[in-house]
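In: quick one: sequence plus predicted model below, questions after.
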Amino acid sequence: MSKAIKDTLDAANRIVIKIGSSLLVDAANHEPKKAWMAALAGDIANLRNAGKQVIIVSSGAIALGAGVMGLTGRPNRLEDAQAAAAVGQFRLASAYETIFSRHDIPVAQLLLSIGDMEDRPRYLNARNTVEALLGREIMPIVNENDTVATSEIRFGDNDRLAARVGQLVQADVVILLSDIDGLYDGDPRTSFDASLIEEVDTVTDAIREMAGPSDQKGPGTGGMVTKIQAAEIATDGGSKVVICNGVDNNPISRLTETGTGTLFRSKSRPLDQRKQWIRGMMAPTGFIQLDAGAEQAIRKGASLLAAGVIRVDGDFRRGDLVAILDVGGHAFAQGLSSYESSEASKIKGFKMSDVIDILGYSGRSALIHRDDLVILHD
């Protein structure tokens, strides 16, 4: 049991709680787990009575809508999933309004697409909306806008959406409710000697390996892998992250009482807000591969210069997000390009001083400036 988790929750003023489909929806009949939701509402009422602001990130729309449409399991076709989301989101919002009205807690629905988080003006508009709701003591309930999201351009799971919301509102802590107590050093379902990891200072390759494969057997889409990815995004932005068991009733009360879970500590020097935004973006429109020397320079904080580029792929414009690959083809950074893809292809391998001769005009001082570039993995 981690005293650090209890201390974190006691000190937190703004909390994001992510709830997955498997916790919220009965897979057998596609109905909300009303007793579980009612108990959760009591937990959140206690947090609010203690002066804390709460934002919920909730899955469940597709799972609830699938039952109405006569589908079994999660829909395979995109159009069926979108239709199920359209039906289920209404049921989900209605269920939340009902349970929270018993505690006189007004709620608001906020549906976000990845475009809302990756276009800077829309990102700021979303943040202003959430701040306005919280300022009036209205609790936002956030979900991905699955009715319009495509399979290629979406968050893909609400763990990462919760992390992005944590960045958006500068949350003190993001709580990811799971079906196990937290991150283990082995699979607790198959290994009796697997131990719970109570605290993580930095997400390393060893931590990522502990997460194992994504589990998509239930109505949800995530697993421990996506929770680790979410923890990286949120902690970069200055939020702490707690993964804990949410299966039984009153998961938040149990967490505050026992401190059982895994705490990911936030970075001592969190990224500034612009870099948080870039770090959390998920839909690169192109790829730039570097030689070993350029990779090392980027890792030390340099801007990306054309001389170190060995390959350019994709069709991107100036200002678009591009993934930066090492020699082995693995993405280790990403940033906003100062050049279009056609220009980048022409100047790759050359010095920036040669750009005017190659393109016929003077371009920017770097292919990607260091202020528009973030490292994904150390």
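Out: Structure received.
In: and the helix or strand hosting L263, what does it pack against?
Out: Secondary structure assignment for L263, by DSSP states H and E: strand 262-264. Counting contacts by 3 or more CB pairs under 8 Å, 6 or more residues apart in numbering; DSSP states H and E, strand 262-264 is packed against helix 3-11, strand 199-200, helix 224-236, strand 240-245. Heads up, the C-betas are built off the backbone N, CA and C, glycines and all.
In: pLDDT of the first one, averaged?
Out: Just to be clear, that refers to helix 3-11. Per-residue pLDDT over helix 3-11 has a mean of 92.
In: in that helix, which residues are buried?
Out: Using 16 or more other CB atoms under 10 Å as the test for burial, helix 3-11 gives A4, I5, K6, T8, L9.
In: would you turn those into CSV with distance to V309?
Out: Listed next are the buried residues of helix 3-11 as CSV, based on distance: CB to CB, whole Å:
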residue, distance to V309
A4, 43
I5, 44
K6, 49
T8, 42
L9, 46
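In: quick check, nearest of the residues you listed to V200?
Out: Nearest to V200 out of the buried residues of helix 3-11 is A4 (CB to CB; 10.9 Å).
In: ok, that closest one touching E199?
Out: Yes. Look at A4 against E199 with CB atoms under 8 Å: they come within range, at 5.9 Å.
In: and for those two, which residues touch both?
Out: Shared contacts of A4 and E199, defined by CB atoms under 8 Å, 6 or more residues apart in numbering, are found at L263.
In: in the chain, where is pLDDT below threshold?
Out: Applying pLDDT under 70 to the chain picks out residues 1-2, 148-156, 213-222, 268-269, 378.
In: alpha carbons of the longest helix anywhere in the chain, in PDB - could you do that?
Out: Longest helix in the chain by number of residues (criterion: DSSP state H): helix 78-101. C-alpha atoms of helix 78-101 as PDB (Å, rounded to 0.1, in the frame of the first residue of the first chain):
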ATOM      1  CA  LEU A  78     -16.400   1.400 -38.700                       C
ATOM      2  CA  GLU A  79     -19.900   2.500 -39.700                       C
ATOM      3  CA  ASP A  80     -21.500   0.100 -37.200                       C
ATOM      4  CA  ALA A  81     -19.200   1.400 -34.500                       C
ATOM      5  CA  GLN A  82     -20.100   5.000 -35.300                       C
ATOM      6  CA  ALA A  83     -23.800   4.300 -35.400                       C
ATOM      7  CA  ALA A  84     -23.500   2.400 -32.000                       C
ATOM      8  CA  ALA A  85     -21.700   5.400 -30.600                       C
ATOM      9  CA  ALA A  86     -24.400   7.800 -31.800                       C
ATOM     10  CA  VAL A  87     -27.100   5.600 -30.100                       C
ATOM     11  CA  GLY A  88     -25.000   4.800 -27.000                       C
ATOM     12  CA  GLN A  89     -23.800   8.300 -26.200                       C
ATOM     13  CA  PHE A  90     -27.300   9.400 -25.500                       C
ATOM     14  CA  ARG A  91     -27.800   6.500 -23.100                       C
ATOM     15  CA  LEU A  92     -24.400   7.200 -21.500                       C
ATOM     16  CA  ALA A  93     -25.200  10.800 -20.900                       C
ATOM     17  CA  SER A  94     -28.600  10.000 -19.600                       C
ATOM     18  CA  ALA A  95     -27.200   7.500 -17.100                       C
ATOM     19  CA  TYR A  96     -24.600  10.000 -15.800                       C
ATOM     20  CA  GLU A  97     -27.100  12.800 -15.400                       C
ATOM     21  CA  THR A  98     -29.400  10.500 -13.400                       C
ATOM     22  CA  ILE A  99     -26.800   9.200 -11.000                       C
ATOM     23  CA  PHE A 100     -25.200  12.600 -10.400                       C
ATOM     24  CA  SER A 101     -28.500  14.500 -10.000                       C
END
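In: residues contacting the helix or strand just after that helix, please?
Out: Sequence order places strand 107-112 as the next helix or strand after helix 78-101, per DSSP H and E. Here strand 107-112 makes contact (CB under 8 Å, 6+ apart) with 89, 93, 96-97, 100, 126, 129-130, 133, 138-145, 147, 161, 165.
In: what of stretch 184-199?
Out: The contact list for stretch 184-199 (CB under 8 Å, 6+ apart) reads 1-2, 4-5, 180-183, 207, 210, 212, 260-265.
In: neighbours around the closest residue to S113 other than its chain neighbours, how many?
Out: Spatial nearest neighbour of S113, excluding adjacent residues (CB to CB, 6 or more residues apart in numbering): N145 at 4.6 Å. Close neighbours of N145, defined as other CB atoms under 10 Å, add up to 19.
In: any idea how far I19 is from N145?
Out: According to CB to CB, to the nearest Å, N145 and I19 sit 17 Å apart.
In: same question, T260
Out: 18 Å.
In: do the same with D43
Out: Going from D43 to I19 by CB to CB gives 11 Å.
In: neighbour count: these two, which is higher?
Out: Counted by other CB under 10 Å, D43 and I19 do not tie: I19 has more neighbours, with 25 against 19.
In: got the contact list for the nearest residue to that one once chain neighbours are set aside?
Out: Leaving aside its chain neighbours, I19 sits nearest to S58 (4.8 Å; criterion: CB to CB, 6+ apart). Residues counted as contacts of S58 (CB under 8 Å, 6+ apart) are K18, I19, L24, L92, Y96, I141, V142, N143, N158.
In: how about G60?
Out: I19, G20, S21, L24, V25, P32, G88, L92, N143.
In: ok, of those residues, which one's closest to Y361?
Out: For the contacts of G60, the closest approach to Y361 (CB to CB) belongs to N143, at 45.6 Å.
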